[in-house]
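In: give me a 3D structure for the following:
(chains A and B)
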There are 2 protein chains.
Amino acid sequence: MEKHEVVRLLINFKTIEEFENFREFGLQELSMKEDLEANIIEDNSESPFYGVYFGNKLVGRMSLYKIDKKFDRYFEPPHDYYELWKLEVLPGYQGKGIGKSLVDFAKNLGLPVKTNARQRSDDFWKRMGFEPLTYQKERDRGESPFVWFPEGVSEQIES
Amino acid sequence: MEKHEVVRLLINFKTIEEFENFREFGLQELSMKEDLEANIIEDNSESPFYGVYFGNKLVGRMSLYKIDKKFDRYFEPPHDYYELWKLEVLPGYQGKGIGKSLVDFAKNLGLPVKTNARQRSDDFWKRMGFEPLTYQKERDRGESPFVWFPEGVSEQIES
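Out: Coordinates of the predicted model:
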């Protein structure tokens, strides 16, 4: 499958407008918009989102958030890692490897990656090299944590 | 709209089978099934899920999880509260007030309730009397936290 270029998304009104095409548009996106309107953040500052464009159109995106190892409850030994959420490819652009290009980008940052496999996306995450963790109700609260381990990192066992 | 009876769901093979009809079926449900198969939990023990039946068929459900006030990052003053997730009504049974009956059940437990308004469900949660919080990126990590306050409780301000 084709490899697609992944770029860091800049916070501006065009990006916010493109976000409205995605199913997950919530308080994270709204707060960006409000901060932009109130000049709390600068136009074209870096967002936590990465995306794939077809021409001028944003067709896939994900958010990446780096967690410090002192808060790590997933990996052994504890490790800085990325939380990946809101991975989404627009209908009409699915099946082209855009999701895989985004996930590969996250894996290539060199840290473990944790996501929540929602709505029966288990098979996708397994194809991406992710593994399900053992469900811990206090930690996971209904999530389905799937992780990707770089070499030398494994699952943290409940203490 | 009609008020529907809400019951605590018991963990048994029938419940697990009914869960497979819902879109959100992940590690939480799988771990219940494995614990049941391995006799780690007793047949017909109480689950964190509540549901509405039509005849013998489970048509709506939610999970409720009580959080101790020492972990509260949402309410002022800090308060024991419920996290509500996996609220879902099967297609064909929507628009009958089943979701509202489930949410009313949670509100009637007398504690604040916090949920994540996913996939543009904001309008639903507002109709249910919930309010969006101010997005805090370290706390919310992509979630859209909506809460219901009982009298005397308000939003916790970021310190």
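In: from here on, just use CA atoms for contacts and neighbour counts.
Out: OK.
In: excluding sequence neighbours, find me the nearest residue to residue A:26.
Out: residue B:144 (5.5 Å; C-alpha to C-alpha, 6 or more residues apart in numbering or on different chains).
In: give the contact list for the one you found.
Out: A:26, A:27, A:28, B:115, B:116, B:117, B:118, B:132, B:133, B:135 (C-alpha atoms under 8 Å, 6 or more residues apart in numbering or on different chains).
In: would you list the buried entries among the residues you listed?
Out: A:26, A:27, A:28, B:115, B:116, B:117, B:118, B:132, B:133, B:135 (16 or more other C-alpha atoms under 10 Å in any protein chain shown).
In: if we can go back for a sec, make TSV out of the contacts of residue B:144 and add pLDDT, distance to residue B:99 and secondary structure.
Out: Converted to TSV, the contacts of residue B:144 look like this (pLDDT from 0 to 100; distance: C-alpha to C-alpha, whole Å; DSSP: H, G, I helix; E, B strand; the rest coil):
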residue	pLDDT	distance to residue B:99	secondary structure
A:26	95	20	coil
A:27	95	22	helix
A:28	95	25	helix
B:115	97	14	strand
B:116	97	15	strand
B:117	96	14	coil
B:118	93	15	coil
B:132	96	19	strand
B:133	95	22	coil
B:135	95	25	coil
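In: pLDDT weak spots in chain A?
Out: By pLDDT under 70, the weakly predicted segments of chain A are A:1, A:158-159.
In: near chain B, which residues of it? Just list them.
Out: Taking C-alpha under 8 Å from any C-alpha of the partner chain as the contact definition, chain A meets chain B at A:23-28, A:31, A:63, A:65, A:85-86, A:117-120, A:132, A:134-135, A:137, A:141-145.
In: strands - which of those land there?
Out: Counting by DSSP state E, the residues of chain A next to chain B place A:63, A:65, A:85, A:86, A:132, A:145 in strands.
In: neighbour-wise, which one of those residues leads?
Out: residue A:145 (24 neighbours; other C-alpha atoms under 10 Å in any protein chain shown).
In: which residues are in contact with that residue?
Out: Contacts of residue A:145 (C-alpha under 8 Å, 6+ apart): A:114, A:115, A:116, A:117, A:132, A:133, A:135, B:27.
In: let's see 10 Å
Out: A:74, A:114-118, A:122, A:130-136, A:139, B:26-28 (C-alpha atoms under 10 Å, 6 or more residues apart in numbering or on different chains).
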